[in-house]
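Engineer: Next one to model:
(chains A, B, C and D)
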4 protein chains.
Amino acid sequence: MRYGYFGPEGTFTQAALLSWRPAQGAEHVPFATVDAALRAVQSGDVDSAMVPIENSIEGGVPATIDALNALQLVIVGEVLVPITFVLVAPSGTTLADIRTIGTHSHAWAQVRGWAAANTPGATYVPALSTAAGPQALEAALAAGEPAPYDAAVCAPVAAGGLEVLAEDIGDNKSAVTRFVLVARPGWLPTPTGFDKTTLVLYQHSDRAGGLLELLEQFATRGINLTRLESRPTGAAMGSYCFSIDLEGHLRDERVADALLGLRRTAADVRFLGSYPRADLRAATVEPAATDAAFADAREWLRSLG
Amino acid sequence: MRYGYFGPEGTFTQAALLSWRPAQGAEHVPFATVDAALRAVQSGDVDSAMVPIENSIEGGVPATIDALNALQLVIVGEVLVPITFVLVAPSGTTLADIRTIGTHSHAWAQVRGWAAANTPGATYVPALSTAAGPQALEAALAAGEPAPYDAAVCAPVAAGGLEVLAEDIGDNKSAVTRFVLVARPGWLPTPTGFDKTTLVLYQHSDRAGGLLELLEQFATRGINLTRLESRPTGAAMGSYCFSIDLEGHLRDERVADALLGLRRTAADVRFLGSYPRADLRAATVEPAATDAAFADAREWLRSLG
Amino acid sequence: MRYGYFGPEGTFTQAALLSWRPAQGAEHVPFATVDAALRAVQSGDVDSAMVPIENSIEGGVPATIDALNALQLVIVGEVLVPITFVLVAPSGTTLADIRTIGTHSHAWAQVRGWAAANTPGATYVPALSTAAGPQALEAALAAGEPAPYDAAVCAPVAAGGLEVLAEDIGDNKSAVTRFVLVARPGWLPTPTGFDKTTLVLYQHSDRAGGLLELLEQFATRGINLTRLESRPTGAAMGSYCFSIDLEGHLRDERVADALLGLRRTAADVRFLGSYPRADLRAATVEPAATDAAFADAREWLRSLG
Amino acid sequence: MRYGYFGPEGTFTQAALLSWRPAQGAEHVPFATVDAALRAVQSGDVDSAMVPIENSIEGGVPATIDALNALQLVIVGEVLVPITFVLVAPSGTTLADIRTIGTHSHAWAQVRGWAAANTPGATYVPALSTAAGPQALEAALAAGEPAPYDAAVCAPVAAGGLEVLAEDIGDNKSAVTRFVLVARPGWLPTPTGFDKTTLVLYQHSDRAGGLLELLEQFATRGINLTRLESRPTGAAMGSYCFSIDLEGHLRDERVADALLGLRRTAADVRFLGSYPRADLRAATVEPAATDAAFADAREWLRSLG
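Structural biologist: Below is the predicted model:
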């Protein structure tokens, strides 16, 4: 089994993959962008790939959400990783010396408050990933070239040979990023009782009523949503589809029934996988939405003739 | 085949039965009350019975609605009969002579305006049916006994030997009564494309939200209701169930699906029959609610694994 | 003050009026029908009238519901009366002698089970009211004329000089009838915190969605309905309006707000009064629907500019 | 009047500001980030600022959406700008020479397809804005320093002295970005009949039903939403608020009424401005939601006493 991930080494995504037990001992292949990692899944170059899908502070990762949908892949697992940032720089640098800071834009958004207070005046230089920041800095040092920035923000593990000037500099100490393991369709994890299902829904029209109708398909079956994100369809300004996570598995009767209802009433429904929740929290299923309630109803209907 | 009906001869119900083609040439058995007619169906004394279920002016007939539910019978057909009333009296009577008028309370409610204008001061005397009014009058005349009232209101066909003092005296000229043919469960008419289904729904609680939730089961499947009537459950003041007619047949996918949803979410659902509409009006089925849409959704779900 | 009621003396309606404290010592005027009592209110002949509106077993009283609406009157109070029936007959009659029983159709519906078991074979003869049954019987006895029926079913208080053959013969021992005191518009009882409001709603179309939309006006404001009854508009078979009782008073913000919403979205709304509940049960008002929540929202809106 | 914008010169945001008629002749002040521009509005350093809020392909701009909310600013206008990208490089460069391409991540996402086909193997280097890419390239050339990348993607106007190697390279030719002019609260543009209002809604709980209830506040008043985006509240993974654009102005009765309803039922509502739509499209207002319908309802309610 070959596992791809959004790299290079030292990213939070690699940390997510390292914590994924089934991947232990298997081959791990870094890709420079989320898109590249997911295309490698699609082409069969890797069997699956770990990519970030949302951060508790910064929100969804559009590249992942859009590519999942465009490439018709499915999620087969998820991992939650607490996010802790450090500020690293060549040895001898002091906070007062820092004029430029390189990191990934998502990371910068999470340390901006700290930076404003502790390195006032320092400007942000974007990098492709959190791990790419310190790597470029070290590479420039090693080559004797001018550094692309004075310091970098990254995961503790990615500090490499640089000096850690400050630890735990995130503005929100409880920040968490959610990563998903993505595979080709046909891989459906066994239901566990604490599952999630990811869908993309397209409305027939872009009116408020349209989304309301789709949400009612979940509400009438007692299904909780854990994430709802709109994404442009690209057709025109104001044309959106909805990326949704819900509690339950394709094999749960209430989820299957909601999918039937959505298939009939939505302009399109894409099934992007059912998989165990990282937090192992079981869904609360009301009596009318249990598998037994669905089975009883079918039997009763049959008895009517 | 023996057909019961709410009699005696000369009632609008008999007219309904006479217009029911399959009953032509069969035995017709009158019963003095709706309840008696329906109990005869339950006991097997007759194969089916014709009874009134609602009038376009006076509304539902509680005796029918409640007995259908209590006796667990099903509707297998319906008939619409335009209602026209005449005022009849012993020969020689003039409008000015009339002090009392006998008829069924439903009929009285429909001619009250005419009576106030044309027989002012005349008081109402209740009778068991519209046909029972003139019959009692004629019987008293024949026996030389004092008449129970000076005149009667009935269907033109029930005038018997009495004189018709006034024709078409209904306050609303377009009044119609709907009759249903009732049988024991197990008799399910073939779908025609212009069918109705009758249900009784019990909520888990008597709150507004409860009914709303039940109605959403129809709305989300594009099912129109043609009648909704609340009836007391008898448990306590303010405890109601709902008698409902909807467009469609048990064999229509959207109706079967709504029944499944109701069975799961309502406190109880009683199926009281699917049968062709008397007005032969086909249901308007939106694209998302056709049998084909349901079949397509099932096939798609199966393809997901 | 003159109070009308659906009489004659001895009806349950009179009992309701006698229990209405403000009517003590005032003039009480019986009317032979509900309609006559309500017309007397409209004409100013009486100041208000007590009439039955629903029974916990038999359901709504169409004559009352329709006349309230047609005559544009309002409800200003309600009374609950437990219903207990007795069987009365001329002295010396035994149960075995009884071939015919006279009473009001609503009463007959409530003792039918008892009668089937205890006076099998006895047939029903309709009377205008429960009190009219024994009165007609006594009158015939006194006049030496043939009795209209062998026995009568009535309230214990209406037995008069007849013998009570059986007590408490109702099939449902907890039967209750609800009576309302009706007046001309303009009379609005002060809010008490345990009020009800009665409305009649007309939909723009007779489709299921129409009622759903109207009910949402209550649900979105946390208003509970305590009664919902459909009544034909008379326009055509299948055309209904809805008679509704809800928890709350016209002066409660949430009720006023719902009325505004209904006025805009329904084809028509008729306000038929706000009045204290007979059971003194205060409405449960969720935090978002209190008067304070409405006042806070208005102040906030004003602050936006 | 001083107008800030997300700069430097040559960005699409500057183009948006240049097309904003009231800003003609006024002072325009570039800021390196959206956040800096909006903080300058808050501090009073500028009177208003133009920033991007969403792109028809890439979706919402989280920095703008979050800062608007966090800094409690309001939108007072919007501008739509068609997005056209060019590829620029030092004179003499051919497509085959290009190994690295610098631009803003939003721009890269929109030309990735073109790049894969026309500069296969070229890797992406992030820049702070589309205009910053060619500027850094020209600055390096001028200083005789190594270029940060071989080519840049930018707006045609930002090409500067570089050679345009390819025009109109966006993967979606109809891409549009929407920009908003942001000011301090208290500035409320006059209603025009073709307005939008922006809100942020917080649910009481993060369940599907919660969003459904909020959306019903719009649906029951016939208000269309033109954008709905979830954003993390930062409290925990899975805790979201909703950024919403709707058709209508704070001064429209239906919008004010929806705000009242939301204020009562949502955990929090933030008003982020009412402003004319860039496309001048008037809202379709159903009869029940016009200002006249609201006025009529109020008058009727008053007449009830």
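
Engineer: Stretch A:234-249 vs chain B: in contact?
Structural biologist: No: on the criterion Cβ under 8 Å from any Cβ of the partner chain, stretch A:234-249 is out of touch with chain B, staying 11.3 Å away. Every C-beta, even on glycine, is put in place using the N, C-alpha and C of the backbone.

Engineer: what about that stretch and chain D, any contact?
Structural biologist: Yes: interface with chain D: stretch A:234-249 contributes A:234, A:236, A:237, A:238, A:239, A:240, A:246 (Cβ under 8 Å from any Cβ).

Engineer: what comes up buried for that stretch?
Structural biologist: A:234, A:237-238, A:240-249 (16 or more other Cβ atoms under 10 Å in any protein chain shown).

Engineer: can you check stretch A:84-95 too?
Structural biologist: Counting neighbours by 16+ other Cβ under 10 Å, one finds that the buried residues in stretch A:84-95 are A:85, A:86, A:87, A:88, A:89, A:90, A:93.

Engineer: Pick the one among the residues you listed closest to chain C.
Structural biologist: residue A:85 (38.2 Å; Cβ to the nearest Cβ).

Engineer: any idea of the pLDDT on the closest one?
Structural biologist: What the model reports for residue A:85 is a pLDDT of 97.

Engineer: Could you measure from it over to residue D:32?
Structural biologist: 21 Å (Cβ to Cβ, to the nearest Å).

Engineer: And the strand or helix carrying residue A:50, what does it pack against?
Structural biologist: In this assignment (DSSP states H and E), residue A:50 forms part of strand A:48-55. Applying 3 or more Cβ pairs under 8 Å, 6 or more residues apart in numbering or on different chains; DSSP states H and E, one finds that strand A:48-55 contacts strand A:2-6, helix A:12-18, helix A:34-43, helix A:62-70, strand A:74-82, strand A:176-183.

Engineer: Do a quick rundown of the helices in chain A.
Structural biologist: A:12-18, A:34-43, A:62-70, A:105-118, A:132-143, A:208-219, A:253-265, A:291-303 (DSSP state H).

Engineer: tilt between the second one and strand A:74-82?
Structural biologist: Right, the one you point to is helix A:34-43. Calculated by axes from the mean of the first three to the mean of the last three Cα atoms, to 10 degrees, helix A:34-43 forms an angle of 140 degrees with strand A:74-82.

Engineer: who's whichever residue of the stretch 51-200 of chain A sits closest to chain D bridged to?
Structural biologist: In the stretch 51-200 of chain A, the residue that lies nearest chain D is residue A:126 (3.6 Å; Cβ to the nearest Cβ). Counting by DSSP bridges, residue A:126 is bridged to residue A:103.

Engineer: still on that earlier bit, using a markdown table, lay out the helices of chain A together with mean neighbour count, mean pLDDT and distance to residue B:60.
Structural biologist: A markdown table is the format used below for the helices of chain A (neighbours: other Cβ atoms under 10 Å in any protein chain shown; pLDDT from 0 to 100; distance: least, Cβ to Cβ, whole Å):
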| stretch | mean neighbour count | mean pLDDT | distance to residue B:60 |
| --- | --- | --- | --- |
| helix A:12-18 | 24 | 97 | 64 |
| helix A:34-43 | 21 | 96 | 61 |
| helix A:62-70 | 21 | 95 | 52 |
| helix A:105-118 | 19 | 94 | 64 |
| helix A:132-143 | 18 | 95 | 75 |
| helix A:208-219 | 22 | 85 | 30 |
| helix A:253-265 | 23 | 97 | 32 |
| helix A:291-303 | 14 | 97 | 26 |
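
Engineer: So which of these is nearest residue C:302?
Structural biologist: Distance to residue C:302, taken as Cβ to Cβ, is lowest for helix A:208-219 among these, at 25.8 Å.

Engineer: Just confirm yes or no for the closest one near chain C.
Structural biologist: No: figure legend: helix A:208-219 not in contact with chain C (Cβ under 8 Å from any Cβ); closest approach 11.2 Å.

Engineer: And that helix, what does it pack against?
Structural biologist: Helix A:208-219 packs on strand A:240-247, helix A:253-265, helix D:208-219, strand D:225-232, going by 3+ Cβ pairs under 8 Å, 6+ apart.

Engineer: Which elements pack onto the last one?
Structural biologist: Yep, that's strand D:225-232 we're talking about. If you count contacts as 3+ Cβ pairs under 8 Å, 6+ apart, strand D:225-232 packs onto strand A:59-60, helix A:208-219, strand A:225-232, strand D:59-60, helix D:62-70, strand D:240-247.

Engineer: partners of it, with directions?
Structural biologist: Assessed with DSSP bridges, strand D:225-232 is paired to strand D:240-247 (antiparallel).

Engineer: tilt between the partner strand and strand D:176-183?
Structural biologist: 100 degrees.

Engineer: residues making contact with strand D:240-247?
Structural biologist: A:208, A:227-228, D:60, D:65, D:69, D:195-203, D:206, D:211, D:214, D:218, D:223-233, D:255, D:258, D:268, D:283-284 (Cβ atoms under 8 Å, 6 or more residues apart in numbering or on different chains).

Engineer: ok, of those, which come out buried?
Structural biologist: Counted by 16+ other Cβ under 10 Å, these give A:208, A:227-228, D:60, D:65, D:69, D:195-203, D:206, D:211, D:214, D:218, D:223-233, D:255, D:258, D:283 as buried.

Engineer: Which one of the helices of chain A lies nearest to residue D:137?
Structural biologist: helix A:132-143 (17.9 Å).

Engineer: contact partners of that closest one?
Structural biologist: A:8, A:10, A:88-90, A:102-104, A:127, A:146-149, A:151-154, A:158-162.

Engineer: Work out the gap between it and the centre of the chain.
Structural biologist: Helix A:132-143 sits 28 Å away from the centroid of its parent chain (Cα atoms, centre = their mean, to the nearest Å).

Engineer: Show me which parts of stretch A:5-13 are buried, residue by residue.
Structural biologist: For stretch A:5-13, using 16+ other Cβ under 10 Å, the buried residues are A:5, A:6, A:7, A:8, A:10, A:11, A:12, A:13.
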